[in-house]
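In: Below are the sequence and a predicted model; questions follow.
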Amino acid sequence: MSGQTAEVINDTLKHAEHGSSSSDWIMHHILDGNYLDFTPFGKIYLPHLEIFGLDISITRHVVFLWIVTIVLFFVFLRISKKYKKSSIPKGIVNFFEVMVIFVRDEIAAPTIGKGYERFLPYLLSAFFFILFSNFIGLIPFTATITSNISITAVLAIFSFFVIQIGGIRKNGFFGYFKGLIPHGVPGFILPVMAIVELLGLLTKPFALAIRLFANMTAGHIVIYALLSLIFVMKTYYISPVSVGLALFIYFLEILVALLQAYIFTMLSSLFIGMAVHQDH
Amino acid sequence: MEYAYLAAGFGAALTIIGGAFGIGKIASAAMEASGRQPEAAGAIRTSMIIAAALIEGISLFALVICFLLAGK
């Protein structure tokens, strides 16, 4: 085997031996870092920038955020150009049209009801961003940006603003908050209901963020944990079992990637529907 | 005290028991309903996936807390 592969294996065995446990190895691969890691072939160190004491250095997740954005931009630019030429879809346009119509007819229309077209751009953007980032994270040597709590928190904050602004626009500022409390509630419970409903406005986007973050992170951690079994047992004979299980979890990860994009968009759309048509 | 890892392990296991039990109940109800009325299978499948994802979301809250504990 080549010199670099031997070096990698020796390095990992050393880590496994003197007690820097496999959880360190796993965390080192999951978390964000200042270099792009193409391990047997080398590393690319990324610049460290600072502004007014705040650390805005370019990290792995920043690079992949840019990559996902550029891929999204070029794919959809190409699709819209092809639509201008002819309205009969072929090839890649056909493929994405199926998904766009799925989001429109199965996610937006049933949950938001009348006036769903207003929210369709946001829902489509969220769906395709999460889908592309989850799938790009499955390619070897890449990083999953949605396994970073900052990115999922920002997506949840965007959902929060779309929900509140959509609801306030439809029902008026005071009308929206009044409409949060169901009808026919005895008077003495009203303060409690108000607090509960206001907290509910905050916890729902929080749950969206944590759900996406934890699903993506947990999937990768399980794959790395199964592969690190080889180093914990310090033998090569367990590698068929280990790699086989890791492959199975990898296929499950593909399903989870699709499912999490669908769930995020479906729940955002459900909350938008509940805010816009407050029919308690 | 070095019990953080133990606590993380126990916490994750107990949470997953609860989550798996809940999702199993949903799946069984969905199967039964689909068997009774095969035309509604599509709508039932959609609702089942949403409910399963919500339950999984909750069990992943506890899992995140276990990560934080194990990282101490």
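Out: Nice, thanks for sending it over.

In: is the longest helix anywhere in chain A up against chain B anywhere?
Out: When chain A is parsed with DSSP state H, its longest helix is helix A:190-233. Yes - judged by CB under 8 Å from any CB of the partner chain, helix A:190-233 comes into contact with chain B at A:Ala207, A:Ile210, A:Arg211, A:Phe213, A:Ala214, A:Asn215, A:Thr217, A:Ala218. In this view, the C-beta of every residue, glycine as well, is placed from N, C-alpha and C.

In: Confirm for me that the third one is in contact with B:Ile55.
Out: In other words, A:Arg211. No - using CB atoms under 8 Å as the test, A:Arg211 is too far from B:Ile55 to be in contact (10.5 Å).

In: Neighbour count for these two, which is higher?
Out: A:Arg211 (24 against 18; other CB atoms under 10 Å in any protein chain shown).

In: Contacts only, for A:Ile79.
Out: Contacts of A:Ile79 were listed using CB atoms under 8 Å, 6 or more residues apart in numbering or on different chains, and they are A:Ile92, A:Val93, A:Phe96.

In: Could you pick out which of the residues you listed are located in helices?
Out: Cross-referencing the contacts of A:Ile79 against helices under DSSP H gives A:Ile92, A:Val93, A:Phe96.

In: now, which of the residues you listed sits nearest chain B?
Out: The closest of these to chain B turns out to be A:Phe96 (CB to the nearest CB; 21.4 Å).

In: Run a quick neighbour tally on that closest one.
Out: 16.

In: quick one: the residue lying closest to it once chain neighbours are set aside from A:Ile107, how far?
Out: Spatial nearest neighbour of A:Phe96, excluding adjacent residues (CB to CB, 6 or more residues apart in numbering or on different chains): A:Ile79 at 5.6 Å. Relative to A:Ile107, A:Ile79 is positioned 19 Å away (criterion: CB to CB, to the nearest Å).

In: got it, and B:Ser34?
Out: Relative to A:Ile107, B:Ser34 is positioned 21 Å away (criterion: CB to CB).

In: hmm, back to that, quick one, which of the ones in helices among the contacts of A:Ile79 has the minimum pLDDT?
Out: When the ones in helices among the contacts of A:Ile79 are compared on pLDDT, A:Ile92 comes out lowest, with 84.

In: Dihedrals phi and psi, the residue nearest to that one when sequence neighbours are not counted?
Out: On the basis of CB to CB, 6+ apart, the spatially nearest residue to A:Ile92 that is not a chain neighbour turns out to be A:Ile79, at 6.7 Å. Backbone dihedrals for A:Ile79, given as degrees, to the nearest 10, come out at phi -60, psi -40.

In: returning to that earlier point: and B:Ser34 and A:Ile107? Which one has more around it.
Out: When neighbours are counted by other CB under 10 Å, A:Ile107 comes out ahead of the other of B:Ser34 and A:Ile107, with 23 against 17.

In: Surely the more buried one is within a helix?
Out: Yes - the assignment for A:Ile107 by DSSP: H, G, I helix; E, B strand; the rest coil puts it in a helix.

In: per-residue confidence at it?
Out: At A:Ile107 the predicted local distance difference test score is 92.

In: Tell me how far it lies from A:Ile145.
Out: Between A:Ile107 and A:Ile145 the distance, using CB to CB, works out to 22 Å.

In: need the residues of chain A near chain B, please.
Out: A:23, A:27, A:106, A:207, A:210-211, A:213-215, A:217-218, A:259-260, A:262-263, A:266-267.

In: give me that answer again for 10 Å
Out: Applying the criterion CB under 10 Å from any CB of the partner chain, the portion of chain A that neighbours chain B consists of A:21, A:23, A:27, A:30, A:106-107, A:110, A:149, A:206-208, A:210-215, A:217-218, A:221, A:256, A:259-260, A:262-264, A:266-267, A:270.

In: Buried ones in the helix or strand hosting A:Ser150, by neighbour count?
Out: Element membership of A:Ser150, judged by DSSP states H and E, is helix A:149-171. By neighbour count, with 16 or more other CB atoms under 10 Å in any protein chain shown as the criterion, the buried positions of helix A:149-171 are A:149, A:151-153, A:155-156, A:159-160, A:162-164, A:166-168, A:170-171.

In: So which of the residues you listed is the closest to A:Leu49?
Out: Compare each of the buried residues of helix A:149-171 with A:Leu49 using CB to CB and the shortest gap goes to A:Ile151, at 18.8 Å.
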